[in-house]
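Asker: what would the 3D arrangement of this be:
(chains A, B and C)
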Amino acid sequence: MFTRRTLLTGAAAMAVASVGRAALAAAPEPAYPGGPNTEVPKAPSTGRPFNPVVTLNGWSAPWRMNNGWKEFHLVAEPVVREMAPGMKANLWGYNGQSPGPTIEAVEGDKVRFFVTNKLPEHTTIHWHGILLPSGMDGVGGLTQPQIPVGKTYVYEFELTKSGTFMYHPHADEMVQMAMGMMGLFIVHPRDANQHRVDRDFAFLINAYDIEPGSYTPKIATMTEFNLWGWNSRVFPGIDPLVIAKGDRVRIRMGNLTMTNHPIHLHGYDFEVTGTDGGWVKESARWPEVTTDIPVGAMRAIEFTANAPGDWAFHCHKSHHTMGPMGHSVPTMIGVDHRGLARRMVTLVPDFMTMGERGMADMGGMEMPLPENTLPMMTGTGPFGPIEMGGMFTVAKVRDGLRRGDFADPGWYDHPKGTVAYELKA
Amino acid sequence: MFTRRTLLTGAAAMAVASVGRAALAAAPEPAYPGGPNTEVPKAPSTGRPFNPVVTLNGWSAPWRMNNGWKEFHLVAEPVVREMAPGMKANLWGYNGQSPGPTIEAVEGDKVRFFVTNKLPEHTTIHWHGILLPSGMDGVGGLTQPQIPVGKTYVYEFELTKSGTFMYHPHADEMVQMAMGMMGLFIVHPRDANQHRVDRDFAFLINAYDIEPGSYTPKIATMTEFNLWGWNSRVFPGIDPLVIAKGDRVRIRMGNLTMTNHPIHLHGYDFEVTGTDGGWVKESARWPEVTTDIPVGAMRAIEFTANAPGDWAFHCHKSHHTMGPMGHSVPTMIGVDHRGLARRMVTLVPDFMTMGERGMADMGGMEMPLPENTLPMMTGTGPFGPIEMGGMFTVAKVRDGLRRGDFADPGWYDHPKGTVAYELKA
Amino acid sequence: MFTRRTLLTGAAAMAVASVGRAALAAAPEPAYPGGPNTEVPKAPSTGRPFNPVVTLNGWSAPWRMNNGWKEFHLVAEPVVREMAPGMKANLWGYNGQSPGPTIEAVEGDKVRFFVTNKLPEHTTIHWHGILLPSGMDGVGGLTQPQIPVGKTYVYEFELTKSGTFMYHPHADEMVQMAMGMMGLFIVHPRDANQHRVDRDFAFLINAYDIEPGSYTPKIATMTEFNLWGWNSRVFPGIDPLVIAKGDRVRIRMGNLTMTNHPIHLHGYDFEVTGTDGGWVKESARWPEVTTDIPVGAMRAIEFTANAPGDWAFHCHKSHHTMGPMGHSVPTMIGVDHRGLARRMVTLVPDFMTMGERGMADMGGMEMPLPENTLPMMTGTGPFGPIEMGGMFTVAKVRDGLRRGDFADPGWYDHPKGTVAYELKA
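Answerer: Modelled structure (predicted):
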């Protein structure tokens, strides 16, 4: 966990020597993840027991128990995020990744966060949804001084209720969130059997505007983003939700983009059972197949996975399952331009044309793309290209999986007699 | 129903000869609508009884009973849609129109869909909200091969719950939905008295970006659409909701655009009683006058029509009740340009200027428009121009209408003493 | 209240001489506010008793009792609104301000509105959410003739239910709302103890697109507004919500922009207890920390203020807490341009550059701005710049405030031991 890189770049944080209060020792070592894939967390070995969440393409932060306090160390810093195989982005995040590690703790826990600022500008952390003293709320200028470059700041508070929360800066907020600074904060119930589910997934929804061929998001973009992601990953870079048939499943999602995302699950109806305000009582729940997640809000949905199969799970705004494209492209539908496109691509390397028969033939066109660019609508299933990108993955519901088994089971083998069939023309 | 045009263009579908399974006979003849006006459906003569919905400016598909299966035939194809008198669009749809016909069936029905692809590219159909086997889910590449051009594909499944659903492609999805491919799928309760209402309206919300003077939508547009419609129609081309005083009324709406649409009803408060996830229990319902319909979601609202009158019913995003306009137009408010506008229009045919007194004088300006262009804010009521376009119609609540009577009753005759009046200056 | 300015500009309205009905006397004198700050209303001295709301940076309209009717006079007219100190806008509103005065009345009241049109074009008023006869609904062309320039129109109806409503034109609607024409309409319960709270705040959410250096909104803007406000004010021009510890608090908000606004409160969870459709029953309420307010909808939230402090309260779409900026600005993160920015500003007065270290250093740059332009991210707290603008204010919860005391108590003095602290590097 504590890699050479951490040792080198963590020098400033490690130089902590004199402390503000007697009770405070040096910050714990910050943890770094192994890579962009989902790290399935183990049950905790210290502190109160809980059933950990599975952060899609993310991981959970370890902690140190110190005299009754759970201590975490978050390092705000520039990171390189692989958004999908073939494309990396220069983002800002925590502990080497964007999003930062998921914080998991238990109702009643006393938590302490050492926050080291290795960004080129000041920052803070706001604990979105957590009830805490005003001085711990992390609003730079209002409830605390900004954390200067190179300094470490400490937050401490007691967790008074369980639920699905998040953390992000409240300092130069538009820039820092547009650059990827955010993380999940899960507070488990004191009674581990309360709100218990068999599989508990979690991710944050985020969006970037990175021009094809470049690496750094444009942070002033308001509406026309081109990389719509979950945990700073885009399909086919998002891991599947692997689920055993019969499992009770929860998916927790928070939105830190600039628009609502209507997240749609195939094959099931579900209920929203929690928000960043707490648990939704049974009498107030609606049946849904799409939950519209507002900006700055979180939704936990639940369903029982009684239908096996490969079930699409995606944002229903269709541009958000596309991937990078130019938005000033005229429609060529009805215009025969076979040959033209290939010639244009030779002359103008970033030329992309919409097919006069729609865009389904894009996948087959061998267009030279700028380096570090994801083609539109990538991702292949058992029957060929799925023609999706961005906010898309698959809930894979299978017989015979065991608790803790999250390994990709491959594609669903449709039973004979249930697969549709083609008539001869 | 089976017109000459169908016979001609339906040749490929009719050529179906060899079938994949013994139980499968040739596809039933596809049905085509008579025109863009609302076709009020009759009670079904075969299969389980139900109270049909009224699809605004649409119609319901007939079916054939075949050995216990309800068989429908959907033909995916380019269509010409009259969006309002004076403006036609080249869209893609089903069975000659966009949206396609409303599918109406009953909880417990076994349904079979023959889907013939006459588009210039491959397609599929996803049955949004329906619980069915994974292989019938219609996600191209993931749960089935794409339906090639010229081929017919068959879906079959049993309807396990009632509610308000829809169908649309899950193949080159952004393009195919932006071109108008969608339809309603209503599953009536097994018990026709459950969730019973007197009038049951239904439509889908869609948006197009068609430049003034052109016919084909630009399919890469993400936010700045200029034709905001219901069932690919815009006011004054949307039929009124004709309602008898005292009726229990349901309006079912689904959204396949790229943004939320807050649909507002005057004169009443209402409750959302259903979504594409099912029926909302009584304890969970909110009183509303505006329901915000997320993308990829459906809402059924209900109210009792006890207040007679002409009640506006529209999207509350004011640009969505405008119609085509240029969005780079500067404000002329405060600048006297009388005369200038008329001279500019002579020089530059597509010049439109905002009045320095607002835009209410637009209706009176005899500006030459490009052909196939709807002027902004058209539609006239009993007191003159209503200054609305796009997602707008009128709920006409009247005494003395009978069940099944949906003929436009004309404008409401306000009783003396309830009409406001003007003071002499 | 009745100022010299009113007497001069109100001449046309005062010229009312002959009336349409015998029962109708001349319109009451229209009231004008004292300035852009919150005017805390007093308990009513005529009519039924109620607990008045506090309109943020607004005021409530006085009325005249006339033979059992509550009479109000609204004057539609161009206004100058100070959006924050240092920036004024040429808007359209009512009675000298945008928004117009809050209407407060009681369930069962008979209300009469004299509406005088001093705009350069015709108008109407629609009473959003109020149940009333069709002829009083205020839809120009549909339920009444437009109110011509210079004329006064009368609406009268009985208030049949309590709740949170609003008024706005339904005539050249996009222009007139984009210019600021709107106001709150609060109907208090007949029983003043029903739905009673200790502090009852109210405001409308609105957005403008006013280019830096200019004064008049561009009324064709659909998505990229640059002034996101509450009651046509932007932070730091929005008054704080001053609250006594232990108070039951309600905040009523309506949205008349073109997009959802997810309004987020720090330090508390809350419930939505009312919409413009009525009161939400207890069984249907969700716990939230962010409520997503749709366009054309209203939400009343409630919480008990048991946590003292300075709690940020803002829209969670981060551009909406920015203030004016150019959106075509490239990211300079990673590019060292120290010196360059200051030289560019000298050459090009409206040049703004994003820092290569983020934008937090914007506050420190002494850039010459065009006149009548608000810098981005202004507003200063006890610990320096808060780096927020637009839809942001602070809920100041304090011990020892008395009922009716809304004076700004200054910044919260964090108790020792609860303030975070900085480690020495």
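Asker: how about the helices of the stretch 151-300 of chain A, start to end?
Answerer: Along the stretch 151-300 of chain A, counting by DSSP state H, counting those that start in this stretch, helices occupy A:173-178.
Asker: same deal with the stretch 1-150 of chain A?
Answerer: A:4-9, A:11-14.
Asker: pLDDT score for A:Asp276?
Answerer: The model reports A:Asp276 with a pLDDT of 98.
Asker: ok, now which ones touch it?
Answerer: A:Asp276 makes contacts with A:His128, A:Gly129, A:Gly163, A:Thr164, A:Phe165, A:Met166, A:Gly254, A:Ala297, A:Met298, C:Glu288, C:Val289, C:Thr290, as judged by C-beta atoms under 8 Å, 6 or more residues apart in numbering or on different chains. C-beta here means a position set from N, CA and C on the backbone, and glycine is covered the same way.
Asker: separation between the first one and chain C?
Answerer: A:His128 is 7 Å from chain C, where distance means C-beta to the nearest C-beta, to the nearest Å.
Asker: surely A:Leu132 touches A:Phe157?
Answerer: Yes. Between A:Leu132 and A:Phe157 there is a contact at 4.0 Å, judged by C-beta atoms under 8 Å.
Asker: check contacts around the most centrally placed residue in chain A.
Answerer: For chain A, the residue nearest the mean C-alpha position is A:Asn231 (1.9 Å; C-alpha atoms, centre = their mean). Residues counted as contacts of A:Asn231 (C-beta under 8 Å, 6+ apart) are A:Thr55, A:Leu56, A:Asn57, A:Gly58, A:Pro99, A:Phe203, A:Leu204, A:Asn206, A:Ile238.
Asker: swap in 7 Å and give it another go.
Answerer: A:Leu56, A:Asn57, A:Gly58, A:Pro99, A:Phe203, A:Leu204 (C-beta atoms under 7 Å, 6 or more residues apart in numbering or on different chains).
Asker: ditto for A:Pro78
Answerer: Contacts for A:Pro78 were tallied using C-beta under 7 Å, 6+ apart; they are A:Asn90, A:Trp92, A:Leu119.
Asker: again, only this time at 8 Å
Answerer: By C-beta under 8 Å, 6+ apart, the residues touching A:Pro78 are A:Asn90, A:Leu91, A:Trp92, A:Gly93, A:Lys118, A:Leu119, A:Pro120.
Asker: ditto for A:Glu302
Answerer: Going by C-beta under 8 Å, 6+ apart, the list of residues near A:Glu302 reads A:Val197, A:Arg248, A:Val249, A:Arg250, A:Phe270, A:Glu271, A:Thr273.
Asker: give me the subset of the residues you listed touching chain B.
Answerer: A:Phe270 (C-beta under 8 Å from any C-beta of the partner chain).
Asker: between the contacts of A:Glu302, which is closest to chain B?
Answerer: A:Phe270 (7.1 Å; C-beta to the nearest C-beta).
Asker: the stretch 201-350 of chain A: strands as residue ranges?
Answerer: Applying DSSP state E, counting those that start in this stretch to the stretch 201-350 of chain A gives strands spanning A:227-230, A:241-244, A:248-255, A:261-265, A:270-275, A:278-279, A:287-288, A:290-293, A:297-304, A:309-315.
Asker: can you give me the neighbour number for A:Pro44?
Answerer: Applying other C-beta atoms under 10 Å in any protein chain shown, we find 19 other residues in the vicinity of A:Pro44.
Asker: apart from its chain neighbours, what residue comes closest to it?
Answerer: Once flanking residues are discounted, A:Pro44 sits nearest to A:Phe50: 6.3 Å by C-beta to C-beta, 6 or more residues apart in numbering or on different chains.
Asker: and A:Gly400, what element?
Answerer: Following DSSP states H and E, there is no helix or strand that holds A:Gly400.
Asker: wait, does stretch A:103-111 make contact with chain C?
Answerer: No. Stretch A:103-111 does not reach chain C (C-beta under 8 Å from any C-beta); its nearest approach is 12.7 Å.
Asker: residues of that stretch that come out buried?
Answerer: A:Ile103, A:Glu104, A:Ala105, A:Val106, A:Glu107, A:Asp109, A:Val111 (16 or more other C-beta atoms under 10 Å in any protein chain shown).
Asker: chain neighbours aside, what residue packs nearest to the residue in the stretch 51-200 of chain A that chain B sits nearest to?
Answerer: Closest residue of the stretch 51-200 of chain A to chain B, C-beta to the nearest C-beta: A:Ala84 (16.9 Å). Once flanking residues are discounted, A:Ala84 sits nearest to A:Gly237: 3.0 Å by C-beta to C-beta, 6+ apart.
Asker: what about the one you found, how many neighbours?
Answerer: 26.
Asker: quick one: it and A:Ala89 touch, right?
Answerer: No. In this structure, A:Gly237 is not within contact of A:Ala89 by C-beta under 8 Å, at 11.3 Å.
Asker: distance from stretch A:178-186 to the middle of the chain?
Answerer: The chain centre lies 8 Å from the centre of stretch A:178-186; the measure is C-alpha atoms, centre = their mean, to the nearest Å.
Asker: avg pLDDT for that stretch?
Answerer: Regarding stretch A:178-186, the rounded mean pLDDT is 97.
Asker: which positions in that stretch come out as buried?
Answerer: Counting neighbours by 16+ other C-beta under 10 Å, one finds that the buried residues in stretch A:178-186 are A:Ala178, A:Met179, A:Gly180, A:Met181, A:Met182, A:Gly183, A:Leu184, A:Phe185, A:Ile186.
Asker: the fifth one and chain C: what is the separation?
Answerer: Which is A:Met182. The gap separating A:Met182 from chain C is 11 Å, by C-beta to the nearest C-beta.
Asker: pull the contacting residues for that residue.
Answerer: When contacts are counted by C-beta under 8 Å, 6+ apart, A:Met182 touches A:Ser98, A:Pro99, A:Gly100, A:Met166, A:Tyr167, A:His168, A:Leu204, A:Asn206, A:Gly254, A:Leu256.
Asker: which ones are touching the third one?
Answerer: Contact partners of A:Gly100, counting by C-beta under 8 Å, 6+ apart, are A:Ala61, A:Leu74, A:Gly93, A:Tyr94, A:Tyr167, A:Met181, A:Met182, A:Gly183.
Asker: again with the fourth one
Answerer: Under the criterion of C-beta under 8 Å, 6+ apart, the neighbours of A:Met166 are A:His128, A:Gly129, A:Met182, A:Gly183, A:Leu184, A:Phe185, A:Leu204, A:Gly254, A:Leu256, A:Asp276, A:Met298.
Asker: just how off-centre is stretch A:206-226 within its chain?
Answerer: Computed by C-alpha atoms, centre = their mean, the separation of stretch A:206-226 from the middle of its chain amounts to 17 Å.
Asker: that's all I had, so thanks and see you.
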